[in-house]
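any chance you can model this:
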Amino acid sequence: MESQEYLYETKVRDDLVDAMGHLNHASYLTIFEEARWDICHAQNMTIESMQARGIGLVVIEAHIQYRREVRAGEGLLIKTRFRDVHRKLWRVEQTMENAAGQLCSHVQIKGGMFDLKERKMLLADSEWRAIFLGQKL
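Here you go, the predicted structure:
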């Protein structure tokens, strides 16, 4: 089962730009993560609430493709869709578009829930599956 498409708008901050004047390669992942946290916050899932439950989210694989240069101050639209939420792993796909609607980057991520005390992956219960898939319980 896959989620609805989530949209996140942002502007490239100067501190994310490298000496060549464009978005640093690692900063693409930072912006993609900001978009995922925006989804979590919309579902009332914060770092504090997760820590109180002894859980966290972990990325175990990220495959990114850079398609177009992104410069400081440029407006971006991040589109996010959870493609699968299995027992322990979820798969999310995100795209980054500039103001002209041109694809700048694409990332595929695998991750899951992590037990902060036992330091191991957890099964995604129905509550978390609903959150990832954008469903209300």
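
which residues touch the residue sitting nearest the centre point of the chain?
In the chain, the residue lying closest to the centroid (CA atoms, centre = their mean) is Arg36, at 3.2 Å. For Arg36, the contact set (CB atoms under 8 Å, 6 or more residues apart in numbering) comprises Thr80, Val92, Gln94. Every residue, glycine included, has its C-beta placed from N, CA and C.

in what helix or strand does Thr30 lie?
helix 25-42 (DSSP states H and E).

okay, now the nearest residue to Asp38 once chain neighbours are set aside: neighbour count?
Nearest residue to Asp38 in three dimensions, chain neighbours excluded: Tyr8, at 4.9 Å (CB to CB, 6 or more residues apart in numbering). Tyr8 is flanked by 20 other residues according to other CB atoms under 10 Å.

ok, Tyr8 to Ile31 distance?
9 Å (CB to CB, to the nearest Å).

who touches both of those two?
In contact with both Tyr8 and Ile31: Ile78, using CB under 8 Å, 6+ apart.

quick check, nearest of the contacts of Arg36 to Glu69?
Gln94 (18.2 Å; CB to CB).

flag every buried residue along the helix holding Thr30.
Ser27, Tyr28, Leu29, Ile31, Phe32, Glu33, Ala35, Arg36, Asp38, Ile39, Cys40 (16 or more other CB atoms under 10 Å).

where do the strands sit along this protein?
Ranges of strands in the chain, per DSSP state E, are 6-11, 55-66, 75-85, 89-98, 103-115, 120-122.

can I get these in JSON lines with distance to His22?
Formatted as JSON lines, those follow (distance: least, CB to CB, whole Å):
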{"stretch": "strand 6-11", "distance to His22": "14"}
{"stretch": "strand 55-66", "distance to His22": "10"}
{"stretch": "strand 75-85", "distance to His22": "13"}
{"stretch": "strand 89-98", "distance to His22": "12"}
{"stretch": "strand 103-115", "distance to His22": "10"}
{"stretch": "strand 120-122", "distance to His22": "36"}
